[in-house]
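Peer 1: Predicted model and sequence follow; I will ask about them next.
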Amino acid sequence: MKKSKLDEVSRRLNQEKNNLIADLPAHLQDDFAKEGYISGGCIYSLYNDKEPKDYDFFVRSRSLSDKLREFFMSLVVQETTDDGEPKKKNIYIVHYKGNRVVITKNAISIGNKYQIITKFIGTPKEVVIEFDFKHNMFYHQNGRIDTLSDWDYLDSNSLFYNEQRARDISGTIIRVHKFCERGMTITNAEMCKMLRKLRDVGFTERENEIIENISSY
């Protein structure tokens, strides 16, 4: 792990967070500055001189998540049924401060770069600890980068499964090919860890949904 490189990545992440904060409503900016943190593949990508496709932000409290969702949903022009009831949709799209904002049950996407994840709420030790691969288990909060795996994973192009993760195992297995297409590798031993976990926890309703919708992957 190169500290100078890590400092450079941290500065970039600070800027990206400030950019997102500027795109939020004024009454929620301070709360997001305190609670919001970045995690996921963007840290690994930047460290390895690759431009991230997007940045995933998380918040520590359900209260802030609900306030963000309520604000952006207040901008939605509701369509109604023939009975005059609001139509329920899976995706809502609004425009705010020049950005296209997409609201789903799992996230609020602002522009093309930023996603605020609303499906998983909590501290990094509650959220990031369940990420599927160890090179993704880095997070940026309070102006610094930290990890729940090991710093060596930033310098590795191999996939290592996080055996503490007990959800969405099928989705994790299906995602392997995406990482391999980006130049990463995985051993049979790591694949077997995922298969053993799937055997132990069984197929949940979410697992079956993933398999039934395999064409979307």
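Peer 2: Structure received. The model shown is predicted, which means the values in this text are computed figures rather than measured ones. Residues are numbered from 1 along each chain as shown.

Peer 1: any idea which element residue 101 lies in?
Peer 2: When elements are defined using DSSP states H and E, residue 101 is found to belong to strand 99-103.

Peer 1: List the contacts of that strand.
Peer 2: Outside strand 99-103, the residues that touch it by Cβ atoms under 8 Å, 6 or more residues apart in numbering are 23, 69, 72-73, 75-76, 91-95, 108-111. The C-beta positions use only the backbone N, C-alpha and C, and glycine is treated the same way.

Peer 1: Show me the two of those that sit farthest apart.
Peer 2: When the contacts of strand 99-103 are compared pair by pair using Cβ to Cβ, the two farthest from each other are 23 and 91, 19.3 Å apart.

Peer 1: more crowded one of these two?
Peer 2: residue 23 (16 against 9; other Cβ atoms under 10 Å).

Peer 1: if we can go back for a sec, among the contacts of strand 99-103, which are in strands?
Peer 2: Filtering the contacts of strand 99-103 for membership in strands, criterion DSSP state E, returns 92-95, 108-110.

Peer 1: nearest to residue 134, of these?
Peer 2: Compare each of the ones in strands among the contacts of strand 99-103 with residue 134 using Cβ to Cβ and the shortest gap goes to residue 109, at 25.9 Å.

Peer 1: Quick check: bridge partners of that closest one?
Peer 2: Applying DSSP bridges to residue 109 gives these bridge partners: residue 102, residue 115.

Peer 1: For residue 72, see how far away it is.
Peer 2: With distances defined as Cβ to Cβ, to the nearest Å, the gap from residue 109 to residue 72 amounts to 10 Å.

Peer 1: does the residue sitting nearest the centre point of the chain count as helix, strand or coil?
Peer 2: In the chain, the C-alpha nearest the mean C-alpha coordinate belongs to residue 56, at 4.2 Å (Cα atoms, centre = their mean). Of the three states, residue 56 takes strand according to DSSP: H, G, I helix; E, B strand; the rest coil.

Peer 1: hang on, it packs against residue 113?
Peer 2: No - with contacts counted by Cβ atoms under 8 Å, residue 56 stays clear of residue 113, the gap being 10.4 Å.

Peer 1: how many other residues sit next to residue 5?
Peer 2: As a burial measure, residue 5 scores 15 neighbours (other Cβ under 10 Å).

Peer 1: nearest residue to it other than its sequence neighbours?
Peer 2: Counting by Cβ to Cβ, 6 or more residues apart in numbering, residue 47 is the residue found nearest to residue 5 once chain neighbours are left out, at 6.0 Å.

Peer 1: same deal with residue 29?
Peer 2: Once flanking residues are discounted, residue 29 sits nearest to residue 21: 5.1 Å by Cβ to Cβ, 6+ apart.

Peer 1: before we move on, which element is the one you found in?
Peer 2: Following DSSP H and E, the helix or strand that holds residue 21 is helix 3-22.

Peer 1: Tell me where the protein has helices.
Peer 2: Ranges of helices in the chain, per DSSP state H, are 3-22, 26-35, 41-47, 62-73, 124-127, 169-181, 188-201, 205-212.
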